[in-house]
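Asks: Below: sequence and its predicted model.
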Amino acid sequence: MSYNDLRDWIAALERAGELRKIRTEADPILEIAEIADRVSKSRSSKYGPGGPALLFQNIKGHPNSQVLINQFGSERRMRLALGVDSLDEIADRIRAFMDVKSPQGFLDKVKMLPMLAEMGKFFPKTVTTAACKEVIRRDQFSLLDFPILQCWPKDAGRFITLPCVITRDPKTGKRNVGMYRMQVFDERTTGMHWQRQKVAAEHYRESLRAAATNAGAPPLPGLGKGGSSAAVDIMARTSGGSILPEGPLPTGKMEVAVAIGTDPALTFCAIVPAPPDVEEFLIAGFLRQKPVELVKCETIDLEVPADAEIILEGYVNLDELRTEGPFGDHTGFYSLDDLYPVFHVTCITHRKDPIYATTIVGKPPMEDGWMGKAVERIFLPLMKLTIPELVDINLPLEGVFHNLMIVSIRKSYPGQARKVMHAIWSLGQAMFTKCILVVDEDVNVQDLGEVTLKVLNNIDPERDIQFTLGPIDSLDHSSRLPNYGSKMGVDATRKWSTEGFARPWPDEITMDAKTKSLVDSKWKALAKELGIE
């Protein structure tokens with residue numbers, strides 16, 4: 001099953017008994033967040049962990065508005081959102097495409113035609129009319145017309161938390177859809193918190209490089225006009241576009257569009273670690289099994305989801321940064337304030353009576369945790385392309401995804417666990433992983449009790465713990481510098497003699513099969529006698 005838009009998805013949630021409509025008045029300042037937090041941490045017999053999705057229909061200060069939250073807040077709803085009975089179904093589909101071999105002859109090419117035709121239907125298509133343009137506001141608009149939440153008491157203000165932020169690579173023209181929080185500064189400007197290593201931030205840097213190397217750019221100290229040296233200089237002086245140094249800076253704008261309230265597959269795709277050359281619109285089409293429809297913006301040269309509830313059009317200036325934050329983040333702590341680009345809104349289009357989709361993050365478990373676990377399962381086949389010895393991975397919720405990764409491998413040669421650590425640190429957003437635990441293939445990484453037992457028994461800390469330096473998640477408040485710090489890898493695999501381990505390795509305690517079978521035959525009666533049926 002796939003959904004045409006957010007309203008189609010809400011109707012499906014209601015049919016599945018996964019939605020609760022809240023008619024009691026609720027304030028978007030803190031109150032909705034508190035309600036959603038309690039629900040996301042609940043464990044009812046009806047909904048299980050995560051509680052139901054919530055549709056608030058009586059918003060203080062915003063008559064006739066509705067707010068959807070916790071839409072992805074359980075394993076069942078994540079499966080429902082992506083139209084599968086198991087997330088492994090999507091992983092299997094990805095694996096099937098990856099297993100396609102180059103055709104060796106005419107017959108092989110003919111056999112590939114059905115798959116090529118199937119792939120073709122995933123590409124986005126442009127339409128001329130769109131629901132997101134039922135109302136077009138080029139002037140007389142305000143971001144404060146929407147029920148944007150303040151989630152936590154020490155947040156710097158209201159934040160848009162579930163946006164699909166659309167940018168275009170100035171070099172290749174490929175679009176990117178990312179999810180970056182946006183602090184509302186006033187009626188027409190927000191912060192644009194694309195972390196330094198995100199794709200949209202690289203688009204920003206490419207625009208900055210292009211402006212610096214432009215023949216018409218102002219001379220840069222010691223380098224004159226243009227050239228690759230000017231690009232190197234502008235990156236060094238601005239620390240990759242993250243500070244405003246003294247001296248001349250190139251001017252210019254980068255166009256940005258923001259979609260709020262998209263169908264669930266597209267919303268989910270905004271958080272996936274897609275390769276930079278693969279558009280999220282294509283991935284969403286793959287998940288939906290039908291193309292995403294796009295429509296041209298009114299004031300900028302970008303395409304946006306035609307069926308979104310709200311579209312914000314605008315730009316960021318290349319020579320403008322502003323303090324953004326603090327913000328109560330998924331680490332369970334407030335992320336610190338820092339400088340980020342400023343998004344200037346030039347036009348707002350939306351549906352009549354738009355539904356505002358949002359989320360909150362904080363101490364796990366929360367809605368974003370279920371989205372992260374879905375990413376873990378779906379993209380394991382892609383990780384195996386680079387790291388074929390991977391058997392399974394686990395990103396525990398309490399590790400907030402970038403603090404701890406548990407990995408099982410099929411070990412074939414000495415030092416392989418350390419090779420795997422470095423391979424993970426080279427993979428896209430996995431570069432942020434603070435701690436990696438590597439275990440053998442016979443360890444169930446989803447069983448934290450088994451992992452704890454095996455890791456703590458198998459390691460000699462001085463020998464098996466490796467430290468390295470590199471990029472760190474912007475949300476990490478403990479690193480020695482923002483975005484830069486240390487990481488740790490733990491080799492908890494069985495040690496081999498060829499790794500310098502000369503002592504005997506003991507056998508694991510297990511009961512013999514004959515005794516187990518004997519007790520199995522008596523267990524029903526024993527369980528009744530023991531009172532543990």
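Replies: That came through, no problem.
Asks: buried ones in stretch 446-453?
Replies: By neighbour count with 16 or more other CB atoms under 10 Å, stretch 446-453 contains the buried residues residue 451. (C-beta placed from N, C-alpha, C; glycine too.)
Asks: again, but for stretch 62-69
Replies: Neighbour-count burial for stretch 62-69 [16+ other CB under 10 Å]: 62, 65, 66, 67, 68, 69.
Asks: One more: stretch 77-93?
Replies: Taking 16+ other CB under 10 Å as the neighbour-count basis, stretch 77-93 is seen to contain the buried residues 77, 78, 79, 80, 81, 82, 83, 84, 87, 90, 91, 93.
Asks: Also stretch 260-267?
Replies: Of the residues in stretch 260-267, those buried (16+ other CB under 10 Å) are 260, 261, 262, 263, 264, 265, 266, 267.
Asks: How about stretch 8-24?
Replies: Result for stretch 8-24 [16+ other CB under 10 Å]: buried residues 9, 10, 12, 13, 18, 19, 20, 22.
Asks: of those residues, closest to residue 417?
Replies: Distance ranking of those against residue 417, using CB to CB, places residue 18 first at 41.2 Å.
Asks: List the residues that contact that closest one.
Replies: 47, 52, 53, 74, 76, 77, 80 (CB atoms under 8 Å, 6 or more residues apart in numbering).
Asks: which of the buried residues of stretch 62-69 lies closest to residue 294?
Replies: residue 68 (22.3 Å).
Asks: which residues does the closest one contact?
Replies: For residue 68, the contacting residues are 6, 10, 53, 54, 55, 56, 261, 355, 356, 357, 358, by CB under 8 Å, 6+ apart.
Asks: Just give me the closest of the residues you listed to residue 141.
Replies: In terms of CB to CB, no member of those lies closer to residue 141 than residue 356, at 14.9 Å.
Asks: Would you mind giving the secondary structure of the closest one?
Replies: Here residue 356 is recorded as strand under DSSP: H, G, I helix; E, B strand; the rest coil.
Asks: And the helices in the stretch 301-450 of the chain?
Replies: Ranges of helices in the stretch 301-450 of the chain, per DSSP state H, counting those that start in this stretch, are 367-378, 380-386, 416-424, 448-458.
Asks: Buried deepest among those helices, which one?
Replies: helix 367-378 (a mean of 21; mean count of other CB atoms under 10 Å).
Asks: Other residues contacting that one?
Replies: Contacts of helix 367-378 (CB under 8 Å, 6+ apart): 36, 40, 50, 69-75, 77-78, 82, 87-88, 90-91, 94, 268, 271-273, 330, 359-361, 393-395, 397, 401.
Asks: just the buried members of these?
Replies: Buried positions within the contacts of helix 367-378, assessed by neighbour count (16+ other CB under 10 Å), are 36, 40, 50, 69-75, 77-78, 82, 87, 90-91, 94, 268, 271-272, 330, 359-361, 393-395, 397, 401.
Asks: Out of the residues you listed, which sit inside strands?
Replies: Using DSSP state E, the subset of the buried ones among the contacts of helix 367-378 located in strands is 69, 393, 394.
Asks: partner residues bridging the residue nearest to residue 464 when sequence neighbours are not counted?
Replies: Spatially, and ignoring its direct neighbours in sequence, residue 464 is nearest to residue 491 (4.5 Å; CB to CB, 6 or more residues apart in numbering). On the basis of DSSP bridges, residue 491 is bridged to residue 438.
Asks: Please apply the same query to residue 467.
Replies: Beta-bridge partners recorded for residue 467 (DSSP bridges): residue 488.
Asks: wait, it sits on residue 461?
Replies: No - applying CB atoms under 8 Å, one finds residue 467 not in contact with residue 461, separated by 11.6 Å.
Asks: Could you count how many residues lie near residue 509?
Replies: Residue 509: 5 surrounding residues under other CB atoms under 10 Å.
Asks: of the buried residues of stretch 8-24, closest to residue 211?
Replies: Ranked by distance to residue 211 (CB to CB), the buried residues of stretch 8-24 are led by residue 9 at 40.3 Å.
Asks: Check which helices and strands the helix or strand encompassing the closest one sits against.
Replies: Using DSSP states H and E, residue 9 sits within helix 6-15. When contacts are defined as 3 or more CB pairs under 8 Å, 6 or more residues apart in numbering; DSSP states H and E, helix 6-15 sits against helix 75-81, strand 355-357.
Asks: Among the ones you listed, which one carries the weakest average confidence?
Replies: Lowest mean pLDDT within these: helix 75-81, a mean of 94.
Asks: who's in contact with that one?
Replies: By CB under 8 Å, 6+ apart, helix 75-81 touches 1, 9, 12-13, 16, 18, 48-50, 53, 71-72, 85-87, 264-265, 268, 370-371, 373-374.
Asks: Kindly format the C-alpha coordinates of it as PDB.
Replies: Taking C-alpha atoms only, helix 75-81 is exported to PDB below (Å, rounded to 0.1, in the frame of the first residue of the first chain):
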ATOM      1  CA  GLU A  75       7.100  -0.300  14.700                       C
ATOM      2  CA  ARG A  76       3.700  -1.100  13.400                       C
ATOM      3  CA  ARG A  77       3.200   2.400  12.100                       C
ATOM      4  CA  MET A  78       6.600   2.400  10.400                       C
ATOM      5  CA  ARG A  79       5.600  -0.700   8.600                       C
ATOM      6  CA  LEU A  80       2.200   0.800   7.700                       C
ATOM      7  CA  ALA A  81       3.900   4.000   6.500                       C
END
